[in-house]
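1. What follows is a predicted protein model with its sequence.
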Amino acid sequence: MIHKDKVLKDIKLILLILLSCMVVSVLLSPWFDYELENHPNGESLSNEYNTMSDSYSWKIKVILGPFMEEMMFRFPLLLFVLKYGKNHKKVMYLLALVFGIAFSLIHISNANLYSFYSVLFTLSVHGFLYGVLVIKTRNIVCPMVAHGAYNGIALL
């Protein structure tokens, strides 16, 4: 049985994490990407998404990518939370941080040489926040929705 209060609480938490990810991206990117604007070779190391059709790119970035990444990086955390969560809060948040850093490392190919630290730091924070969402909601759907929504907004 789904409780209306639980669903509303999860939706509020998804929106809070989504907003937090946006704020982190907006506030931190200029600190790291300063040289990118002035460098002639500021090309992305990975341009495969730029050549895809908009429809195909949207499906990958908003649906498939978040689903696969959350299963890879947050599902193991969810299993730990469900099994040991009540007694190991510090370990849960440490795992969220470790998985957040790993999450950022798979996105390094989306960076260029001059935005490496921006991608590493910003997406580590995003990954950690998605992990916090798993810890707080005890499900994998909420971070999938937040991640997909963030990617969808970024495509606009």
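-> In hand now; what should we look at?
2. Pull the residues that contact stretch 67-87.
-> Stretch 67-87 has contacts (Cβ atoms under 8 Å, 6 or more residues apart in numbering) with 88, 91-92, 95-96, 99-100, 102-103, 106, 127, 130-131, 134-135, 138-140, 143-144, 147-148. Where you see a C-beta, it was placed from the backbone N, CA and C, and this is true even at glycine.
3. repeat that with 7 Å
-> The contact list for stretch 67-87 (Cβ atoms under 7 Å, 6 or more residues apart in numbering) reads 92, 95-96, 99, 102-103, 127, 130-131, 134-135, 138, 140, 143-144, 147.
4. From those, keep the buried residues only.
-> Listed as buried from those are 92, 95-96, 99, 103, 127, 130-131, 134-135, 140, 143-144, 147; burial here means 16 or more other Cβ atoms under 10 Å.
5. Out of these, list just those in strands.
-> When DSSP state E is applied, the buried ones among the contacts of stretch 67-87 are split such that none fall in strands.
6. pLDDT and distance to Ile17 for these - can I get that in a markdown table?
-> Below are these laid out as a markdown table (pLDDT from 0 to 100; distance: Cβ to Cβ, whole Å):
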| residue | pLDDT | distance to Ile17 |
| --- | --- | --- |
| Met92 | 92 | 16 |
| Leu95 | 91 | 17 |
| Ala96 | 95 | 12 |
| Phe99 | 93 | 15 |
| Phe103 | 92 | 14 |
| Gly127 | 95 | 11 |
| Tyr130 | 95 | 7 |
| Gly131 | 95 | 10 |
| Val134 | 95 | 10 |
| Ile135 | 94 | 11 |
| Ile140 | 94 | 14 |
| Pro143 | 94 | 8 |
| Met144 | 94 | 12 |
| His147 | 94 | 9 |
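7. The residues you listed into TSV, with extra columns for distance to Lys12?
-> Listed next are these as TSV, based on distance: Cβ to Cβ, whole Å:
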residue	distance to Lys12
Met92	21
Leu95	24
Ala96	19
Phe99	23
Phe103	23
Gly127	21
Tyr130	16
Gly131	18
Val134	16
Ile135	16
Ile140	18
Pro143	14
Met144	17
His147	17
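8. wait, what's in contact with Val145?
-> So Val145 contacts Ile14 (Cβ under 7 Å, 6+ apart).
9. you'd agree Pro66 is up against Asn151?
-> Yes - Pro66 sits in contact with Asn151 when judged by Cβ atoms under 7 Å, with a separation of 6.2 Å.
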